[in-house]
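[1] this is the structure alone, sequence omitted:
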């Protein structure tokens, strides 16, 4: 779907102001946005499993769901975001023990930690090398940074150089993203996120002409009103490659 301010979070806890989609960040609790939310959440879940007992900082945390996911395993998870509405929403909604939220710029917040998480944001910044160097400086000895970004080859329309997302300063191929990471970190492991299970079946169906069929039969709205909310984390997989076909890249940096 195309993100729009007409899509607003539903069923928020009492006293928590809902957020609207603007295209700058993804949100839970918006049925039409569930594909993108799950696509981001599965990476947070994967990282959380590797951060048990650690002090973690989630830079550009947005709505806060990722910080809360990290906190289920981490000793402490700190979400950092400069947007006042997102910060207030996250602070009120995710108030469990071990979670805190700070309103600050990602290149100004400098608390020392064991792991830094910076997902789907490096493509938004004007000086990504400066930001990644800042992240490295936050890490304690032996610490790890997790950075993700979309693959321009699968994000942009066929034949286009960019996706057209107005919030993106630069979009990356895997070679370009690796090169950026290697300028700032000694060890770079690059993984790709791919469709799995029912999303993989849907992908194959599209290649066989599903778009034409559901349109001709008038099933488009009825099908996707059920299909999109049913997508879960298990419908994505994170693996080494082939990276040129990945949806997103996830860099593990030391």
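    All right, it came through fine. Here the structure is a predicted model, which means the values were calculated and not measured.
[2] C-alpha from now on. contacts and neighbour counts both.
    OK.
[3] could you pull out the strands for the stretch 1-150 of the chain?
    Ranges of strands in the stretch 1-150 of the chain, per DSSP state E, counting those that start in this stretch, are 55-59, 76-81, 99-103, 113-119, 139-150.
[4] give me the sheet partners of the first one and which way each runs.
    Sheet partners assigned to strand 55-59 using DSSP bridges are listed as strand 76-81 (parallel), strand 113-119 (parallel).
[5] could you pull out the buried residues of that strand?
    For strand 55-59, a neighbour-count test (16 or more other Cα atoms under 10 Å) marks 55-59 as buried.
[6] where's it relative to the chain centroid, distance-wise?
    Put simply, strand 55-59 sits 14 Å off its chain's centre (Cα atoms, centre = their mean, to the nearest Å).
[7] so what touches that strand?
    66-67, 70, 74-81, 106, 113-119 (Cα atoms under 8 Å, 6 or more residues apart in numbering).
[8] that one vs strand 139-150, what angle?
    40 degrees (axes from the mean of the first three to the mean of the last three Cα atoms, to 10 degrees).
[9] let the chain start at 480 from now.
    All right, first residue 480 from here; so that's strand 534-538.
[10] who are the neighbours in contact with the residue nearest to residue 496 when sequence neighbours are not counted?
    Counting by Cα to Cα, 6 or more residues apart in numbering, residue 568 is the residue found nearest to residue 496 once chain neighbours are left out, at 6.1 Å. Contact partners of residue 568, counting by Cα under 8 Å, 6+ apart, are 495-498, 542-543.
[11] return the closest of those with respect to residue 621.
    Nearest to residue 621 among the contacts of residue 568, counting by Cα to Cα, is residue 543 at 26.0 Å.
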